[in-house]
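[1] 3D, please:
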Amino acid sequence: MKVSGEFEFRVLTGLHERARCVVSDTVVIGSDVACDVVLLDGGIAPRHAVIRVDTAGWSIALQDETSGTDIAPKVWRLNTPVRLGPLWVTVSAAGDAWPELSVAPESPAGTEASHRDVADLPCADGWKPHGATADHPAGEGRRRTALWLTSAALAVLVCGGVAVAAFSPSVNDAPRKAISQIPDLKSLADIEKLLGELNLADSIRVSPTGSGRYVLSGWVRDEAEQTRLATALAAISPTPDLVTKNQVEVERRVADGLNKMDLRFRLKRQGPGPLRLQAVVADAPTRQAILEFLRNRNDEVDAAPGDVLLASQVIEAFAAASARSGLPAIKADWTQGRVDLKPVNLNTPEQEQLVALVKLLNTRYLDAFVIDAPPKAESAAHTLPFRIASIVGGPQPWLVLGDGTRLLVGGTYADYRLKAIEDTRVVFDEPYPIVIPR
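    Have a look, this model is predicted:
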């Protein structure tokens, strides 16, 4: 049933006392940031309750954490205070005065008070309408105005038709000690500024905790970046908790787990969430082995559907693109984590066309394609504008060129970049792929 007019959800006690926001129809309340109204008081569950408003009044129902169904919903008159865990709340017409309550010792959460109209509760259950009895005369009510503080605000999230409200907490007798549990918004601004200065804003998530602090999760590149971040955060009070992951260490563990498989892969950071794995693999059993490997590490690494491709799929993609380009059929074989292309009798325009096509496809398929040079070493050498005099092996091999220049892997000579020195071949990848057998 749709509601006519404007209604407000109001917090009568707790950390967010005197906070209010416009509501209509259904409102989910809890400590989880996905809820429509977020409350940080201790004792509020992630998805604590659902409030529904209609022309007959309003109802509040606890949520079963397992099934998500309502527990003991009951309809209340507008502006009736009702207990919600450790708090008292109500729903009122926008123009109604706030209900006046007088404080007494807190009753245990979850007692019968949470299902009874406050006007019917005995004093021992915690609240009576202000000035209703001799035990609680009107003159002894709390003078809230003198006690209100201008401390932090909690943002209330919007979902459906629920409006945004800023919660301005005030000091209340019962939750006085809990006020310090609200994370300071100035600290949040300092943290966000610091993350921006360190270029970590996209890879670190900042979340409030129940202890009045913030916790930082996500990724740092390596131990040095972790140290820089921790050192900078030490200047912020209270110092945030740091539970970040080291990307280099995770990449090393993943590589150790995959290095015996016939594949090529890449790990890509995607915000503060798990690293994204993209791979081209030899066959279906290898793909299944990778998915099994990731299943136990989904908090660190995951793969979206289509991220792990078979070599046959990549070769088919090349064949289709080659045909569309008007090139003749080119033999393509999967060999030790790459696709070797073996063109035969291509003229100069076709060779240039093939080079451009491979460059394009390599941006999509993890640099998997390599154009093999002609089979004879002497003819292959003529594809370079310089001569390779010798090859020096070892942990860091290099080439000795005809003029005596030493060219290391990753280096460039005459615009030709040396990509790899392997046991059976030398590979250049710029300005276009060239493979020279050894």
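[2] C-alpha from now on. contacts and neighbour counts both.
    Noted.
[3] can you give me the helices for this structure?
    Using DSSP state H, the helices of the chain run over 144-147, 185-197, 223-233, 247-258, 284-295, 311-324, 348-364, 377-381.
[4] Can you check the distance spanned by stretch 267-283, start to finish?
    Stretch 267-283 has an end-to-end distance of 20 Å (C-alpha to C-alpha, to the nearest Å).
[5] so which of the helices of the chain gets nearest Leu216?
    For the helices of the chain, the distance to Leu216 is smallest for helix 185-197, at 9.3 Å, taking C-alpha to C-alpha.
[6] That closest one to helix 223-233, inter-axis angle?
    150 degrees (axes from the mean of the first three to the mean of the last three C-alpha atoms, to 10 degrees).
[7] Buried residues in helix 185-197, which are they?
    Neighbour-count burial for helix 185-197, with 16 or more other C-alpha atoms under 10 Å as criterion, is recorded at Ser187, Leu188, Ile191, Glu192, Leu194, Leu195.
[8] and if you look at stretch 217-226?
    Ser217, Gly218, Trp219, Val220, Arg221, Gln226.
[9] For that stretch, which outside residues touch it?
    200, 203-206, 242-249, 271-273 (C-alpha atoms under 8 Å, 6 or more residues apart in numbering).
[10] repeat for stretch 340-354
    So stretch 340-354 is contacted by 322, 325, 327, 330-334, 369-373 (C-alpha under 8 Å, 6+ apart).
[11] what number of residues lie near the closest residue to Ile434 other than its chain neighbours?
    Leaving aside its chain neighbours, Ile434 sits nearest to Phe428 (5.0 Å; criterion: C-alpha to C-alpha, 6 or more residues apart in numbering). For Phe428, the neighbour count with other C-alpha atoms under 10 Å is 22.
[12] and what of Thr239?
    Thr239, neighbours per other C-alpha under 10 Å, totals 16.
[13] again with Ser31
    Neighbour count for Ser31, taken as other C-alpha under 10 Å: 20.
[14] now Arg252
    Arg252: 11 surrounding residues under other C-alpha under 10 Å.
[15] so how far is Asp202 from the closest residue to Pro385 other than its chain neighbours?
    In this structure, Pro385 finds its nearest non-sequential neighbour in Ala414, 7.8 Å apart by C-alpha to C-alpha, 6+ apart. Going from Ala414 to Asp202 by C-alpha to C-alpha gives 39 Å.
[16] neighbour count winner among the two?
    Asp202 (14 against 9).
[17] Not including adjacent chain positions, what is the nearest residue to the more buried one?
    Asp202 sits nearest to Gly271 (C-alpha to C-alpha, 6+ apart), 5.3 Å away.
[18] residues in contact with the one you found?
    Asp202, Ser203, Ile204, Gly218.
[19] how about Val392, what does it touch?
    Trp398, Leu399, Val400.
[20] now those as JSON lines including neighbour count?
    Below are those laid out as JSON lines (neighbours: other C-alpha atoms under 10 Å):
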{"residue": "Trp398", "neighbour count": "21"}
{"residue": "Leu399", "neighbour count": "20"}
{"residue": "Val400", "neighbour count": "16"}
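[21] Now render the residues you listed as TSV, adding distance to Phe318 and pLDDT.
    Below are the contacts of Val392 laid out as TSV (distance: C-alpha to C-alpha, whole Å; pLDDT from 0 to 100):
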residue	distance to Phe318	pLDDT
Trp398	32	90
Leu399	32	92
Val400	35	91
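[22] nearest to Ile51, of those?
    Trp398 (71.5 Å).
[23] Please verify my assumption that that closest one contacts Val409.
    Yes - between Trp398 and Val409 there is a contact at 6.5 Å, judged by C-alpha atoms under 8 Å.
[24] Find residues that contact each of the two.
    Contacts common to Trp398 and Val409, judged by C-alpha under 8 Å, 6+ apart, are Ile421.
[25] show me what contacts Ile391?
    Pro397, Trp398, Leu399, Val400.
[26] Name the residues linked to it by a beta bridge.
    Note on Ile391: beta-bridge partners by DSSP bridges are Leu399.
[27] ok, now Ser59?
    Arg52, Val75.
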